[in-house]
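Engineer: No sequence on hand, only this structure:
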């Protein structure tokens, strides 16, 4: 299970960097995704870094504001989040998986992101 970290309280327009350490895993063997869950709702995919060609995908809500990346040296998956909005407030999770969150059974601990003035 992967543990997300880096969340916190930030004002609208602010930035955060979420991290997910993938110890012992070859980063190129998987696609990597960030997901979020609003209270009382199902998880939704936010961003994906595909294996192979390393292409990326973002939901429309975060395009141009969020960036997913990976660092081979530290075996860490990142999500840089800029221009944060109150509607980005959620618990964020990482996964070595890109796709429908219902198809992934290995959720670890998420990290709370709260965007509020």
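Structural biologist: On my side now, so go ahead. Every value quoted in this text rests on a predicted model; they were computed, and no experiment measured them.

Engineer: where does the chain have low pLDDT?
Structural biologist: Applying pLDDT under 70 to the chain flags no residue at all.

Engineer: residues in contact with the residue nearest the centre of the chain?
Structural biologist: For the chain, the residue nearest the mean C-alpha position is residue 34 (2.6 Å; C-alpha atoms, centre = their mean). Counting by C-beta atoms under 8 Å, 6 or more residues apart in numbering, residue 34 makes contact with 4, 18, 20, 45-48, 66, 68, 77, 79, 92-95. Where you see a C-beta, it was placed from the backbone N, CA and C, and this is true even at glycine.

Engineer: Relative to residue 10, which of those is nearest.
Structural biologist: Relative to residue 10, the closest of these is residue 18; by C-beta to C-beta it sits at 11.7 Å.

Engineer: is the closest one in a bridge, and if so with what?
Structural biologist: Bridge pairing for residue 18 (DSSP bridges) gives the partners residue 79.

Engineer: Same question for residue 8.
Structural biologist: residue 113.

Engineer: What distance do you get for it to residue 18?
Structural biologist: 10 Å (C-beta to C-beta, to the nearest Å).

Engineer: Looking only at neighbour counts, state which of the two leads.
Structural biologist: Between residue 8 and residue 18, residue 18 has the larger neighbour count (other C-beta atoms under 10 Å), namely 25 against 13.

Engineer: The more buried one against residue 2, yeah?
Structural biologist: No: at 11.4 Å, residue 18 does not count as touching residue 2 under the criterion of C-beta atoms under 8 Å.

Engineer: Pull up the overlap in contacts between the two.
Structural biologist: With C-beta under 8 Å, 6+ apart as the test, residue 18 and residue 2 both reach residue 94.

Engineer: beta partners for the residue nearest to the centre of the chain?
Structural biologist: In beta-bridge terms (that is, DSSP bridges), residue 34 pairs with residue 47, residue 94.

Engineer: So which residues of the protein form strands?
Structural biologist: Along the chain, counting by DSSP state E, strands occupy 4-5, 8-10, 16-21, 32-37, 44-49, 56-58, 66-71, 76-81, 90-95, 111-115.
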